[in-house]
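In: Need a 3D model of the following:
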Amino acid sequence: MTVRITTAPTREARILGFGAHRPPRVIDNAEVCTWIDSSDEWIQQRTGIRTRRWAAEDVSVVDMSEDASAKALAAAGLTGSDVDAVVLATVSHPYQTPAAAAVLADRLGATPAAAFDVSAGCAGFCHGVALASDLVRGGTAEHVLVVGVDKLSDFTDKHDRSTAFLFADGAGAAVVGPSAEPGIGPTVWGSDGGQADAIRSKHSWLELRQPAAVDPVAAEAAAQDPARWPYLEQQGQSVFRWAVWQMAPVAQQAMDAAGVTADQLDVFVPHQANARIIDAMVKQLKLPESVHVARDIVDMGNTSAASVPLAVERAVADGHAPSGGLALFIGYGAGLSYAAQVVRLP
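Out: Numbering: from 1, shown residues only. Below is the predicted model of the structure:
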């Protein structure tokens with residue numbers, strides 16, 4: 001049997017607007033040091049972080065996504081009914097089902113848009129941009145909403161000296177739509193599951209319920225034991241070396257694939273994991289001083305999938321990212337996963 005598949009002519013895609021949600025609660029290093037034996041000086045020297053944002057307990061990843069998405073849609077001159085697909089990147093939606101994206105689509109009035117979650121850690125937003133670009137270019141969707149959101153405060157062990165000062169909450173969103181000219185370059189992405197233990201949950205959800213089969217009382221006690229919660233843990237030195245030495249070449253490959261050179265960039269937006277990693281990447285890429293380097297980490301901390309969109313939204317809002325300028329995105333982290341692309345700004 002012969003199957004004939006007809007597709008729309010390939011067109012280009014670009015980002016039409018950004019939006020961000022930054023929780024109002026600010027946690028400075030002095031407060032963190034009431035949880036762990038550390039100091040403001042040590043945290044700033046090791047990470048560059050001065051403050052971070054944590055959402056209120058009753059605020060969910062969907063709540064934060066809704067706020068960021070509404071702003072992105074407004075910036076693009078669109079409404080929820082114009083959205084054909086919602087791609088939401090997160091690792092902290094606390095439900096296996098339904099997907100946060102489906103709930104978000106309903107809140108925005110985007111039903112019956114396709115909606116699904118992406119779990120790629122800190123690289124999730126860049127994965128979402130790649131998917132959205134292909135959906136638009138292939139004619140599957142006219143407008144795609146891409147959200148990077150995480151509420152890592154729910155999964156941060158406040159007494160873990162290696163992670164308590166790192167993780168934070170926030171949401172960033174972008175609307176991707178059709179364009180007459182290329183606006184999103186080829187994505188360079190990949191993974192190294194052999195290093196999966198470098199960033200992982202300490203426990204699985206199943207470990208919270210295993211005693212239930214023989215002793216419901218023990219199961220309840222285990223569920224109340226903070227030590228058994230799936231907090232995040234990280235092998236800091238391993239991740240640092242991997243990011244410093246292997247992610248700069250990925251960023252360079254993304255520039256090469258897009259046919260641009262460092263001096264043509266206007267903005268560099270790396271995942272906001274560590275200020276020292278950012279500095280090392282800038283040096284390896286030989287970025288000229290004319291390129292604005294996003295450093296949202298200073299007062300936002302590491303927001304995982306929200307990191308890149310939050311940083312670029314701030315660069316645009318502060319006037320550091322010119323209209324129509326070129327930006328290099330790169331996300332990397334848990335998996336270990338990574339993705340990078342050059343995009344033209346709205």
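
In: pLDDT at Ala221, what is it?
Out: We have a pLDDT of 57 for Ala221.

In: any idea which helix is longest in the chain?
Out: Assignment by DSSP state H gives helix 236-258 as the longest helix of the chain.

In: what's that helix packed up against?
Out: strand 188-191, helix 275-285, strand 326-333, strand 337-344 (3 or more Cβ pairs under 8 Å, 6 or more residues apart in numbering; DSSP states H and E). (Each C-beta comes from the backbone N, C-alpha and C, glycine too.)

In: Just checking, which helix or strand of the protein averages the lowest pLDDT?
Out: helix 216-223 (a mean of 58; mean pLDDT, DSSP states H and E).

In: picking that back up, same list (the helices and strands packed on helix 236-258) but as JSON lines, adding distance to Ala294, mean pLDDT and mean neighbour count.
Out: As requested, these are exported to JSON lines (distance: least, Cβ to Cβ, whole Å; pLDDT from 0 to 100; neighbours: other Cβ atoms under 10 Å):
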{"stretch": "strand 188-191", "distance to Ala294": "19", "mean pLDDT": "97", "mean neighbour count": "18"}
{"stretch": "helix 275-285", "distance to Ala294": "8", "mean pLDDT": "96", "mean neighbour count": "18"}
{"stretch": "strand 326-333", "distance to Ala294": "9", "mean pLDDT": "97", "mean neighbour count": "27"}
{"stretch": "strand 337-344", "distance to Ala294": "13", "mean pLDDT": "97", "mean neighbour count": "26"}
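
In: Dump the ones you listed into CSV; add distance to Met300 as well.
Out: Listed next are the helices and strands packed on helix 236-258 as CSV, based on distance: least, Cβ to Cβ, whole Å:
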stretch, distance to Met300
strand 188-191, 24
helix 275-285, 12
strand 326-333, 15
strand 337-344, 20
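
In: Can you name the element that comes right after the least confident helix or strand of the chain?
Out: strand 232-234 (DSSP states H and E).

In: What is that following strand packed up against?
Out: strand 199-201.

In: Would you indicate which residues of the strand it packs on are buried?
Out: 199-200 (16 or more other Cβ atoms under 10 Å).

In: so what does that strand touch, helix or strand wise?
Out: Using 3+ Cβ pairs under 8 Å, 6+ apart, the elements in contact with strand 199-201 are strand 232-234.
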